[in-house]
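*Asks:* pasting a predicted model and its sequence here:
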Amino acid sequence: MSVILSIILIVAAALTAAPLVGRSTGVQKAIVFASGDSNPNDNKPSATRNFYLTVDGEQFGVWHMLPSSAGIPDLDHEDEMSYYHDALRDPDATIILYLHGNGGDRANGGRLPLYKLLRSLNYHVFAIDYRSYGDSDDTYLSEESVVADALKTYEYITDRTDRPIFIWGHSLGTAVATHMCSDLQRLGKPSPKGVILEAPFTNMQDELRGNSFGNIMSYHPLFKFGVADAIYKNKLRFESDEHILEFSAPVMILHARDDVVVPYDLGHRLYLIGSSQRLSGTGPVEFHSFDENREFGHMEIYRAPELKGLVENFVHKYREKNVTIPHFFRNTMQQCAHP
């Protein structure tokens with residue numbers, strides 16, 4: 001609730017001084033990124049290795065959580081890294097890279113119960129805190145910076161194993177996921193086997209106008225100029241409606257109808273775009289909704305009894321399939337390689 005309240009107060013202040021906001025990237029970033037210092041390791045799950053990766057000389061925190069079937073290893077610190085790396089190379093290993101939303105850290109809210117569910121399905125789970133979040137170093141936050149952190153983690157995993165990787169993004173993390181997958185395809189790098197988007201939106205302008213707080217404030221005559229257009233101009237765009245068309249991996253979208261932070265209609269609209277406009281030969285897009293009377297809201301789809309089966313079926317269907325690259329994408333990759 002504190003994150004939601006902070007967004008309301010920031011946007012309300014933005015409307016009061018809209019001309020200034022139009023020139024202040026700091027205020028714009030505060031609207032998009034509810035970041036802050038914390039220590040997620042106070043709530044670190046068992047059988048989890050905490051470590052740090054570096055982008056542009058700045059570190060960000062990572063958890064590698066073992067599948068439940070692995071038990072709790074009794075290791076000296078010196079043996080920990082090699083044990084976890086060896087586990088990734090197990091022939092039965094499946095890896096989930098989880099990208100969280102705009103608030104809190106990798107230990108917040110419904111994230112820990114979701115990790116537990118994924119681990120119970122015998123998946124390795126990687127979760128990160130983007131720079132400026134949690135115990136990560138501060139940085140000049142941008143769309144590029146959070147995507148770079150996700151990409152660095154993905155490359156860390158693929159450098160150590162060839163086992164199937166799936167991406168799970170939540171809220172803002174869904175836009176990080178689609179942007180990263182678009183970059184992977186454009187650069188000709190290995191693609192994830194599938195992408196799970198929980199509470200996604202089409203793009204940041206739609207999200208700012210559409211959520212319950214922005215929807216009320218959008219009637220203010222200065223909202224468009226002072227907030228939505230300024231954020232777009234400064235490249236805080238998070239355009240999943242474009243990026244979902246730029247990679248081949250299959251996609252599963254999950255959205256609760258009573259989500260007031262990211263409106264259900266935005267997730268469904270993204271599904272319609274992906275399912276109707278992706279190139280022939282790319283993976284399908286599927287959509288699963290959760291009725292409002294179940295009160296899952298923005299953060300608690302993990303409570304749905306059927307979620308475990310949905311995830312298991314999606315992973316089982318695609319974990320051994322090769323992600324095909326349509327001819328158009330291959331041409332684009334060649335152009336990027338030989339400008």
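*Replies:* Received, thanks.

*Asks:* now do the SS call for residue 316.
*Replies:* Using DSSP: H, G, I helix; E, B strand; the rest coil, the structure places residue 316 in helix.

*Asks:* now do it: how many residues are near it, please.
*Replies:* Neighbour count of residue 316, defined by other Cβ atoms under 10 Å: 11. Where you see a C-beta, it was placed from the backbone N, CA and C, and this is true even at glycine.

*Asks:* not counting sequence-adjacent ones, nearest residue to residue 292?
*Replies:* The spatially closest residue to residue 292, leaving aside those adjacent along the chain, is residue 258, at 3.7 Å (Cβ to Cβ, 6 or more residues apart in numbering).

*Asks:* now do the same contact list for the one you found.
*Replies:* Residues near residue 258 by Cβ atoms under 8 Å, 6 or more residues apart in numbering: 264, 292, 294-297.

*Asks:* out of those residues, which are inside strands?
*Replies:* Using DSSP state E to define strands, no part of those is located there.

*Asks:* got CSV for the residues you listed, with neighbour count, pLDDT and distance to residue 239 too?
*Replies:* Output for these, formatted as CSV (neighbours: other Cβ atoms under 10 Å; pLDDT from 0 to 100; distance: Cβ to Cβ, whole Å):
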residue, neighbour count, pLDDT, distance to residue 239
264, 18, 97, 19
292, 13, 97, 28
294, 14, 98, 30
295, 11, 97, 30
296, 23, 97, 26
297, 17, 96, 25
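
*Asks:* check which helix or strand covers the residue nearest to residue 292.
*Replies:* Assigned by DSSP states H and E, residue 258 belongs to no helix or strand.

*Asks:* sorry, back to before: mind picking the two most distant members of the contacts of residue 258?
*Replies:* 264 and 295 (13.5 Å; Cβ to Cβ).

*Asks:* three-state assignment of the residue nearest the centre of the chain?
*Replies:* Centroid-nearest residue in the chain, with Cα atoms, centre = their mean: residue 173, separated by 2.3 Å. Under three-state DSSP, residue 173 falls in the helix class.

*Asks:* in space, what's closest to it - neighbours in sequence excluded?
*Replies:* The shortest distance from residue 173 to any non-neighbouring residue, by Cβ to Cβ, 6+ apart, is to residue 99 (3.5 Å).

*Asks:* the one you found bridge partners, please.
*Replies:* For residue 99, the beta-bridge partners are residue 169 (DSSP bridges).

*Asks:* okay, buried residues for the helix or strand harbouring residue 274 please.
*Replies:* Per DSSP H and E: residue 274 is located in helix 264-277. For helix 264-277, the neighbour count (16 or more other Cβ atoms under 10 Å) marks 264, 266-271, 273-274 as buried.
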